[in-house]
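Asker: Here is my input; please provide its structure:
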Amino acid sequence: MSQKNETTVLVLALLITLGLVGGGVWWLIKRSGGNLGTLVNNTPSQGQSNLKSFSQVQNVPSGVFNYGGSTTWVSIRNALDPAIQNALPQFRLRYVDPDRGAPSSQTGIRMLLDNQLSFAQTSVPIADEAYQQARQRGFTLNEIPVAIDGIAIAVNPSLNIKGLTVNQFNDIYAGKITNWSQVGGPNLKITPYGKKDRDSGAYIQFMATTTEALRQVAANPGGIYYTSAPLVVSQCNVKPLPVGRNSNKLVPPYKTPFVPLSQCPQQRNQVNTEVFLSGQYPLSRRLSVVVKQNGQIDQQAGEAYAKLLLSAQGQELIKKAGFVSIR
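Answerer: Okay, here's the model as predicted:
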(Lines give C-alpha, C1' and ligand atoms only; values in the text may rest on other atoms or scores of the structure.)
Protein backbone atom coordinates (compact mmCIF):
# COMPACT_ATOMS: atom_id res chain seq x y z
CA MET A 1 0.00 0.00 0.00
CA SER A 2 1.41 3.44 -0.93
CA GLN A 3 2.14 6.07 1.73
CA LYS A 4 -0.71 8.21 0.33
CA ASN A 5 -3.22 5.37 0.63
CA GLU A 6 -2.03 4.53 4.14
CA THR A 7 -2.57 8.15 5.17
CA THR A 8 -6.08 8.13 3.70
CA VAL A 9 -6.99 4.96 5.58
CA LEU A 10 -5.67 6.36 8.85
CA VAL A 11 -7.65 9.59 8.42
CA LEU A 12 -10.85 7.67 7.69
CA ALA A 13 -10.32 5.43 10.72
CA LEU A 14 -9.80 8.48 12.91
CA LEU A 15 -12.99 10.11 11.62
CA ILE A 16 -15.02 6.95 12.26
CA THR A 17 -13.64 6.66 15.80
CA LEU A 18 -14.42 10.29 16.55
CA GLY A 19 -17.93 9.79 15.22
CA LEU A 20 -18.56 6.85 17.52
CA VAL A 21 -17.21 8.66 20.56
CA GLY A 22 -19.05 11.85 19.67
CA GLY A 23 -22.38 10.03 19.54
CA GLY A 24 -21.99 8.98 23.15
CA VAL A 25 -21.57 12.54 24.41
CA TRP A 26 -23.95 14.28 22.00
CA TRP A 27 -26.76 14.47 24.55
CA LEU A 28 -24.59 16.25 27.11
CA ILE A 29 -23.23 18.67 24.53
CA LYS A 30 -26.74 19.47 23.30
CA ARG A 31 -28.19 19.99 26.77
CA SER A 32 -25.24 22.19 27.80
CA GLY A 33 -25.40 24.53 24.84
CA GLY A 34 -22.36 23.00 23.17
CA ASN A 35 -20.11 23.33 26.20
CA LEU A 36 -18.16 20.20 27.02
CA GLY A 37 -17.64 21.43 30.58
CA THR A 38 -20.64 19.38 31.68
CA LEU A 39 -18.80 16.11 31.08
CA VAL A 40 -17.63 14.28 34.16
CA ASN A 41 -13.95 13.69 34.65
CA ASN A 42 -12.31 12.21 37.68
CA THR A 43 -9.41 14.64 37.92
CA PRO A 44 -9.17 16.87 41.00
CA SER A 45 -11.51 19.84 40.74
CA GLN A 46 -10.52 23.45 40.92
CA GLY A 47 -10.48 24.75 44.48
CA GLN A 48 -10.26 21.26 45.93
CA SER A 49 -8.68 21.02 49.36
CA ASN A 50 -7.73 18.34 51.85
CA LEU A 51 -9.58 19.96 54.72
CA LYS A 52 -11.48 17.55 56.91
CA SER A 53 -14.12 19.72 58.57
CA PHE A 54 -15.98 22.98 58.09
CA SER A 55 -14.16 24.51 61.04
CA GLN A 56 -10.82 24.15 59.21
CA VAL A 57 -11.90 26.33 56.27
CA GLN A 58 -10.22 29.72 56.46
CA ASN A 59 -11.24 33.18 55.20
CA VAL A 60 -14.94 32.56 55.73
CA PRO A 61 -16.55 36.02 55.81
CA SER A 62 -19.14 37.25 58.30
CA GLY A 63 -22.54 38.51 57.20
CA VAL A 64 -25.67 37.49 55.32
CA PHE A 65 -25.00 36.14 51.83
CA ASN A 66 -27.70 35.55 49.23
CA TYR A 67 -27.36 32.62 46.88
CA GLY A 68 -29.63 30.74 44.48
CA GLY A 69 -29.86 28.68 41.33
CA SER A 70 -30.47 25.09 40.30
CA THR A 71 -33.33 23.12 41.85
CA THR A 72 -31.10 20.06 41.48
CA TRP A 73 -29.25 21.34 44.51
CA VAL A 74 -32.24 21.25 46.86
CA SER A 75 -31.20 18.08 48.69
CA ILE A 76 -27.60 19.35 48.99
CA ARG A 77 -28.87 22.62 50.45
CA ASN A 78 -31.06 20.74 52.92
CA ALA A 79 -28.16 18.55 54.00
CA LEU A 80 -25.33 21.08 54.13
CA ASP A 81 -26.75 24.48 55.04
CA PRO A 82 -27.83 23.57 58.60
CA ALA A 83 -24.45 21.92 59.24
CA ILE A 84 -22.59 24.95 57.88
CA GLN A 85 -24.68 27.32 59.99
CA ASN A 86 -24.03 25.21 63.07
CA ALA A 87 -20.26 25.21 62.52
CA LEU A 88 -19.95 28.79 61.25
CA PRO A 89 -22.83 30.88 62.63
CA GLN A 90 -21.25 34.11 61.37
CA PHE A 91 -21.54 32.86 57.74
CA ARG A 92 -25.27 33.25 57.26
CA LEU A 93 -26.70 31.80 54.04
CA ARG A 94 -30.00 32.88 52.53
CA TYR A 95 -31.48 31.13 49.49
CA VAL A 96 -33.27 33.62 47.22
CA ASP A 97 -35.91 32.75 44.61
CA PRO A 98 -35.80 34.67 41.31
CA ASP A 99 -37.97 37.77 40.91
CA ARG A 100 -39.28 36.28 37.66
CA GLY A 101 -39.43 32.72 36.40
CA ALA A 102 -38.84 29.50 38.28
CA PRO A 103 -35.55 28.74 40.08
CA SER A 104 -32.95 27.17 37.78
CA SER A 105 -29.28 27.24 36.92
CA GLN A 106 -29.97 29.94 34.34
CA THR A 107 -31.96 32.20 36.67
CA GLY A 108 -29.24 31.81 39.29
CA ILE A 109 -26.58 32.99 36.82
CA ARG A 110 -28.80 35.91 35.76
CA MET A 111 -29.31 36.97 39.37
CA LEU A 112 -25.57 36.70 40.00
CA LEU A 113 -24.88 38.97 37.02
CA ASP A 114 -27.49 41.43 38.31
CA ASN A 115 -25.79 41.60 41.74
CA GLN A 116 -28.75 39.92 43.46
CA LEU A 117 -26.60 37.01 44.67
CA SER A 118 -23.17 36.56 46.18
CA PHE A 119 -22.73 33.20 44.41
CA ALA A 120 -24.86 30.72 42.47
CA GLN A 121 -25.37 26.96 42.18
CA THR A 122 -25.52 25.38 38.75
CA SER A 123 -26.03 21.95 37.22
CA VAL A 124 -25.13 23.09 33.69
CA PRO A 125 -22.05 24.88 32.32
CA ILE A 126 -22.11 28.66 32.11
CA ALA A 127 -23.10 29.92 28.68
CA ASP A 128 -20.59 32.02 26.71
CA GLU A 129 -23.07 34.89 26.75
CA ALA A 130 -23.00 34.97 30.56
CA TYR A 131 -19.20 35.11 30.56
CA GLN A 132 -19.36 38.05 28.15
CA GLN A 133 -21.94 39.87 30.26
CA ALA A 134 -19.76 39.42 33.34
CA ARG A 135 -16.74 40.91 31.57
CA GLN A 136 -18.85 43.86 30.44
CA ARG A 137 -19.75 44.48 34.08
CA GLY A 138 -16.17 44.41 35.28
CA PHE A 139 -15.75 40.92 36.71
CA THR A 140 -15.39 37.29 35.66
CA LEU A 141 -17.23 34.08 36.55
CA ASN A 142 -15.56 30.94 37.85
CA GLU A 143 -17.13 27.47 38.04
CA ILE A 144 -15.88 25.28 40.88
CA PRO A 145 -17.15 21.65 40.55
CA VAL A 146 -18.15 20.10 43.87
CA ALA A 147 -20.23 17.00 43.02
CA ILE A 148 -21.27 14.58 40.28
CA ASP A 149 -24.91 14.03 39.40
CA GLY A 150 -26.82 11.79 37.02
CA ILE A 151 -29.92 12.65 35.01
CA ALA A 152 -32.82 10.22 35.53
CA ILE A 153 -35.71 9.75 33.11
CA ALA A 154 -39.09 9.48 34.83
CA VAL A 155 -42.12 7.75 33.29
CA ASN A 156 -45.50 6.56 34.52
CA PRO A 157 -45.28 3.32 36.57
CA SER A 158 -47.76 1.62 34.23
CA LEU A 159 -45.50 2.05 31.18
CA ASN A 160 -44.08 -1.33 30.13
CA ILE A 161 -40.68 -0.55 28.62
CA LYS A 162 -37.17 -1.84 29.40
CA GLY A 163 -35.45 1.51 29.00
CA LEU A 164 -34.17 4.04 26.47
CA THR A 165 -30.94 4.65 24.62
CA VAL A 166 -29.50 8.15 24.71
CA ASN A 167 -30.40 8.61 21.04
CA GLN A 168 -34.01 7.53 21.63
CA PHE A 169 -34.27 9.95 24.54
CA ASN A 170 -32.87 12.76 22.40
CA ASP A 171 -35.30 11.94 19.60
CA ILE A 172 -38.27 12.07 21.98
CA TYR A 173 -37.34 15.59 23.07
CA ALA A 174 -36.58 16.55 19.46
CA GLY A 175 -40.11 15.49 18.42
CA LYS A 176 -38.84 12.68 16.18
CA ILE A 177 -40.27 9.86 18.33
CA THR A 178 -43.88 10.51 19.33
CA ASN A 179 -45.27 7.08 20.29
CA TRP A 180 -43.97 4.59 22.84
CA SER A 181 -44.41 1.79 20.27
CA GLN A 182 -41.43 3.28 18.38
CA VAL A 183 -39.13 2.34 21.28
CA GLY A 184 -40.55 -1.06 22.21
CA GLY A 185 -43.46 0.12 24.34
CA PRO A 186 -47.25 0.14 23.89
CA ASN A 187 -49.17 2.02 21.22
CA LEU A 188 -49.43 5.16 23.31
CA LYS A 189 -48.73 8.81 22.53
CA ILE A 190 -45.66 10.24 24.28
CA THR A 191 -46.19 13.42 26.29
CA PRO A 192 -42.83 15.06 27.03
CA TYR A 193 -42.78 17.48 29.95
CA GLY A 194 -40.04 20.05 30.20
CA LYS A 195 -38.82 23.45 31.34
CA LYS A 196 -38.61 26.57 29.19
CA ASP A 197 -35.04 27.36 30.18
CA ARG A 198 -33.71 24.07 28.79
CA ASP A 199 -36.28 22.58 26.34
CA SER A 200 -38.00 23.83 23.20
CA GLY A 201 -40.75 22.57 20.93
CA ALA A 202 -44.50 22.98 20.52
CA TYR A 203 -44.98 19.30 21.43
CA ILE A 204 -43.49 19.78 24.93
CA GLN A 205 -45.70 20.66 27.88
CA PHE A 206 -43.77 23.13 30.00
CA MET A 207 -43.89 22.93 33.76
CA ALA A 208 -42.80 25.61 36.22
CA THR A 209 -41.32 23.16 38.71
CA THR A 210 -39.96 19.63 38.88
CA THR A 211 -42.60 18.76 41.49
CA GLU A 212 -45.41 19.68 39.11
CA ALA A 213 -43.75 17.83 36.20
CA LEU A 214 -43.42 14.62 38.22
CA ARG A 215 -47.03 14.97 39.35
CA GLN A 216 -48.12 15.18 35.70
CA VAL A 217 -46.07 12.12 34.73
CA ALA A 218 -47.61 10.17 37.61
CA ALA A 219 -51.08 10.98 36.25
CA ASN A 220 -50.33 10.49 32.52
CA PRO A 221 -49.54 6.93 31.25
CA GLY A 222 -47.64 8.42 28.30
CA GLY A 223 -45.73 11.08 30.20
CA ILE A 224 -41.95 11.51 30.42
CA TYR A 225 -39.68 13.96 32.24
CA TYR A 226 -36.01 14.15 33.17
CA THR A 227 -34.19 15.71 36.08
CA SER A 228 -31.56 14.98 38.72
CA ALA A 229 -31.54 11.32 39.79
CA PRO A 230 -31.99 11.99 43.54
CA LEU A 231 -35.21 13.85 42.71
CA VAL A 232 -36.62 10.89 40.73
CA VAL A 233 -35.29 7.59 42.05
CA SER A 234 -36.83 7.84 45.53
CA GLN A 235 -40.28 8.86 44.27
CA CYS A 236 -43.29 6.61 44.91
CA ASN A 237 -45.43 7.70 41.94
CA VAL A 238 -43.05 7.64 38.96
CA LYS A 239 -40.64 5.05 37.57
CA PRO A 240 -36.99 5.80 36.63
CA LEU A 241 -35.89 4.18 33.37
CA PRO A 242 -32.58 2.43 32.68
CA VAL A 243 -30.54 4.28 30.04
CA GLY A 244 -27.80 3.08 27.71
CA ARG A 245 -25.52 4.19 24.93
CA ASN A 246 -27.04 1.26 23.04
CA SER A 247 -30.00 -1.05 23.62
CA ASN A 248 -27.78 -4.00 24.59
CA LYS A 249 -26.56 -2.39 27.80
CA LEU A 250 -29.18 -0.39 29.66
CA VAL A 251 -27.93 0.92 33.02
CA PRO A 252 -30.41 1.77 35.79
CA PRO A 253 -29.88 4.98 37.81
CA TYR A 254 -31.08 3.07 40.91
CA LYS A 255 -29.55 0.25 42.93
CA THR A 256 -30.84 -3.16 41.96
CA PRO A 257 -33.02 -5.00 42.57
CA PHE A 258 -35.71 -2.39 41.92
CA VAL A 259 -38.02 -1.92 44.90
CA PRO A 260 -41.65 -2.19 43.72
CA LEU A 261 -43.40 1.14 44.08
CA SER A 262 -46.18 -0.63 45.99
CA GLN A 263 -43.69 -0.89 48.88
CA CYS A 264 -43.01 2.85 48.89
CA PRO A 265 -42.68 4.90 51.11
CA GLN A 266 -41.80 2.17 53.65
CA GLN A 267 -39.01 1.17 51.26
CA ARG A 268 -37.61 3.50 48.65
CA ASN A 269 -35.24 2.94 45.77
CA GLN A 270 -31.72 4.32 46.20
CA VAL A 271 -29.58 6.20 43.69
CA ASN A 272 -26.80 4.09 42.16
CA THR A 273 -24.03 6.65 42.52
CA GLU A 274 -21.35 4.12 41.57
CA VAL A 275 -22.43 4.02 37.91
CA PHE A 276 -22.32 7.83 37.74
CA LEU A 277 -18.77 7.90 39.06
CA SER A 278 -17.55 5.07 36.83
CA GLY A 279 -19.10 6.54 33.69
CA GLN A 280 -21.23 3.44 33.02
CA TYR A 281 -24.36 5.56 33.22
CA PRO A 282 -24.34 7.80 30.14
CA LEU A 283 -26.21 10.85 31.47
CA SER A 284 -23.85 12.30 34.07
CA ARG A 285 -22.86 15.88 34.84
CA ARG A 286 -21.01 18.02 37.36
CA LEU A 287 -22.57 20.39 39.89
CA SER A 288 -20.64 23.61 40.40
CA VAL A 289 -20.55 26.68 42.59
CA VAL A 290 -20.37 29.81 40.43
CA VAL A 291 -18.16 32.48 41.97
CA LYS A 292 -18.15 36.14 41.03
CA GLN A 293 -14.47 37.09 40.77
CA ASN A 294 -14.54 40.77 41.63
CA GLY A 295 -12.04 41.01 44.49
CA GLN A 296 -14.83 41.81 46.93
CA ILE A 297 -16.68 40.02 49.72
CA ASP A 298 -18.96 38.21 47.24
CA GLN A 299 -15.94 36.42 45.81
CA GLN A 300 -14.74 35.58 49.31
CA ALA A 301 -18.16 34.15 50.20
CA GLY A 302 -18.42 32.04 47.04
CA GLU A 303 -14.92 30.63 47.36
CA ALA A 304 -15.49 29.86 51.05
CA TYR A 305 -18.76 28.06 50.24
CA ALA A 306 -17.01 25.94 47.58
CA LYS A 307 -14.21 25.05 50.02
CA LEU A 308 -16.78 24.02 52.62
CA LEU A 309 -18.42 21.66 50.12
CA LEU A 310 -15.05 20.28 49.03
CA SER A 311 -13.96 19.50 52.57
CA ALA A 312 -14.22 15.89 53.73
CA GLN A 313 -17.23 16.82 55.86
CA GLY A 314 -18.92 18.54 52.93
CA GLN A 315 -18.27 15.68 50.53
CA GLU A 316 -19.68 13.17 53.01
CA LEU A 317 -22.89 15.20 53.32
CA ILE A 318 -23.08 15.47 49.53
CA LYS A 319 -22.98 11.66 49.33
CA LYS A 320 -25.72 11.39 51.94
CA ALA A 321 -27.81 13.75 49.79
CA GLY A 322 -27.64 11.19 46.95
CA PHE A 323 -24.85 12.67 44.83
CA VAL A 324 -21.33 11.52 44.06
CA SER A 325 -18.31 12.93 45.82
CA ILE A 326 -15.93 14.62 43.41
CA ARG A 327 -12.89 13.90 45.56
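
Asker: Contact partners for Pro157?
Answerer: Ala218, Asn237, Val238, Lys239, Leu261 (C-beta atoms under 8 Å, 6 or more residues apart in numbering). Where C-beta positions appear, they are placed from N, C-alpha and C, glycine not excepted.

Asker: The fourth one: what's it in contact with?
Answerer: Contact partners of Lys239, counting by C-beta under 8 Å, 6+ apart, are Ala154, Val155, Asn156, Pro157, Leu159, Leu261.

Asker: ok, now the third one?
Answerer: For Val238, the contacting residues are Ala154, Val155, Asn156, Pro157, Leu214, Val217, Ala218, Tyr225, Val232, by C-beta under 8 Å, 6+ apart.

Asker: Save those as JSON lines, and put in distance to Val74 and secondary structure too.
Answerer: Shown next, in JSON lines, are these (distance: C-beta to C-beta, whole Å; DSSP: H, G, I helix; E, B strand; the rest coil):
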{"residue": "Ala154", "distance to Val74": "16", "secondary structure": "strand"}
{"residue": "Val155", "distance to Val74": "22", "secondary structure": "strand"}
{"residue": "Asn156", "distance to Val74": "23", "secondary structure": "coil"}
{"residue": "Pro157", "distance to Val74": "23", "secondary structure": "coil"}
{"residue": "Leu214", "distance to Val74": "13", "secondary structure": "helix"}
{"residue": "Val217", "distance to Val74": "18", "secondary structure": "helix"}
{"residue": "Ala218", "distance to Val74": "19", "secondary structure": "helix"}
{"residue": "Tyr225", "distance to Val74": "16", "secondary structure": "strand"}
{"residue": "Val232", "distance to Val74": "13", "secondary structure": "helix"}
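
Asker: Kindly present those as JSON lines, with separate columns for distance to Tyr173 and pLDDT.
Answerer: Rendered in JSON lines, the data for those read as follows (distance: C-beta to C-beta, whole Å; pLDDT from 0 to 100):
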{"residue": "Ala154", "distance to Tyr173": "13", "pLDDT": "98"}
{"residue": "Val155", "distance to Tyr173": "13", "pLDDT": "98"}
{"residue": "Asn156", "distance to Tyr173": "17", "pLDDT": "98"}
{"residue": "Pro157", "distance to Tyr173": "21", "pLDDT": "98"}
{"residue": "Leu214", "distance to Tyr173": "17", "pLDDT": "98"}
{"residue": "Val217", "distance to Tyr173": "14", "pLDDT": "98"}
{"residue": "Ala218", "distance to Tyr173": "19", "pLDDT": "98"}
{"residue": "Tyr225", "distance to Tyr173": "10", "pLDDT": "98"}
{"residue": "Val232", "distance to Tyr173": "16", "pLDDT": "97"}
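
Asker: Which entries within those meet the buried criterion?
Answerer: With burial judged by 16 or more other C-beta atoms under 10 Å, the buried subset of the contacts of Val238 is Ala154, Val155, Asn156, Pro157, Leu214, Val217, Ala218, Tyr225, Val232.

Asker: Please tell me how far the second one sits from Tyr281.
Answerer: Right, Val155. Val155 sits at a distance of 17 Å from Tyr281 (criterion: C-beta to C-beta, to the nearest Å).

Asker: what are the ranges of the helices in this protein?
Answerer: Under the criterion DSSP state H, the chain contains helices at 3-31, 74-87, 105-113, 128-136, 166-173, 210-219, 229-232, 273-278, 297-310, 312-320.

Asker: which of the residues in the last one are buried?
Answerer: Read it as helix 312-320. Neighbour-count burial for helix 312-320 flags Ala312, Gln313, Gly314, Gln315, Leu317, Ile318 (criterion: 16+ other C-beta under 10 Å).

Asker: what's the answer for the second one, then?
Answerer: For helix 74-87, burial by neighbour count (16+ other C-beta under 10 Å) applies to Val74, Ser75, Ile76, Arg77, Ala79, Leu80, Asp81, Ala83, Ile84, Ala87.

Asker: so who does the second one touch?
Answerer: Applying C-beta under 8 Å, 6+ apart to Ser75 gives the contacts Pro230, Leu231, Ala321, Gly322, Phe323.

Asker: One more pass at 7 Å, please.
Answerer: Going by C-beta atoms under 7 Å, 6 or more residues apart in numbering, Ser75 touches Pro230, Ala321, Gly322.

Asker: the domain parsing of this protein - what is it?
Answerer: The record's domain parsing of the chain by automatic domain parsing lists 54-149+284-325, 150-278.

Asker: and these, which is most packed in?
Answerer: domain 54-149+284-325 (a mean of 20; mean count of other C-beta atoms under 10 Å).

Asker: Centre of the chain to it, how far?
Answerer: From the chain centre to the centre of domain 54-149+284-325 is a distance of 14 Å (C-alpha atoms, centre = their mean, to the nearest Å).

Asker: So what would you say the end-to-end distance of that domain is?
Answerer: This stretch, domain 54-149+284-325, spans 16 Å end to end (C-alpha to C-alpha, to the nearest Å).

Asker: now swap in stretch 130-143 and tell me
Answerer: Distance across stretch 130-143, first residue to last, is 12 Å (C-alpha to C-alpha).

Asker: before we move on, what about stretch 156-167?
Answerer: This stretch, stretch 156-167, spans 20 Å end to end (C-alpha to C-alpha).

Asker: Noted, bye for now.
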